[in-house]
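Asks: how does the following fold in three dimensions:
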Amino acid sequence: MPTTRATVKTESPSLNLKKLCRHFSHKTETEFDDERGEIRFPFGTALLHAQLGELVLQGRSDSGEALERLEGVIASHLVRFASKESLTVEWQRD
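Replies: Okay, here's the model as predicted:
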């Protein structure tokens with residue numbers, strides 16, 4: 001199962017985690033609190049962990065194509081929701 005990971009520097013890791021999870025909770029299964037989140041899409045799962053000054057993103061999927069879709073969906077929404085910050089998401093495949 002292909003996996004990916006990104007560590008995003010942010011002033012508001014917990015807030016950004018909750019924004020993402022709340023948004024996707026209207027469309028798919030999610031679980032989250034202030035520090036951890038899980039978003040289960042039909043094409044893969046995203047795990048989020050808020051730490052001091054950063055948001056750690058992890059993804060897993062059944063195929064490389066699906067993982068690429070997961071990376072794109074999570075990154076684009078995170079950057080859009082954190083519009084007051086200039087965030088950079090650089091995925092690293094395992």
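
Asks: and residue 69, what element?
Replies: helix 64-81 (DSSP states H and E).

Asks: so which residues make contact with that helix?
Replies: Contacts to helix 64-81, defined as CB atoms under 8 Å, 6 or more residues apart in numbering, come from residues 2-4, 6, 8, 16, 19-20, 23-24, 39, 41, 43-46, 55, 57, 59-61, 87, 89, 91, 93. C-beta: built from backbone N, CA, C; applies to glycine.

Asks: list the buried residues of it.
Replies: Judged by neighbour count using 16 or more other CB atoms under 10 Å, the buried positions of helix 64-81 are 66-71, 73-75, 77-79, 81.

Asks: so among the residues you listed, where is pLDDT lowest?
Replies: Lowest pLDDT among the buried residues of helix 64-81: residue 81, with 92.

Asks: how much space separates that residue from residue 72?
Replies: To residue 72, residue 81 is 15 Å away according to CB to CB, to the nearest Å.

Asks: got it, and residue 87?
Replies: On the measure of CB to CB, residue 87 and residue 72 end up 15 Å apart.

Asks: kindly report the same for residue 47.
Replies: 17 Å.

Asks: I appreciate the help and will end here.
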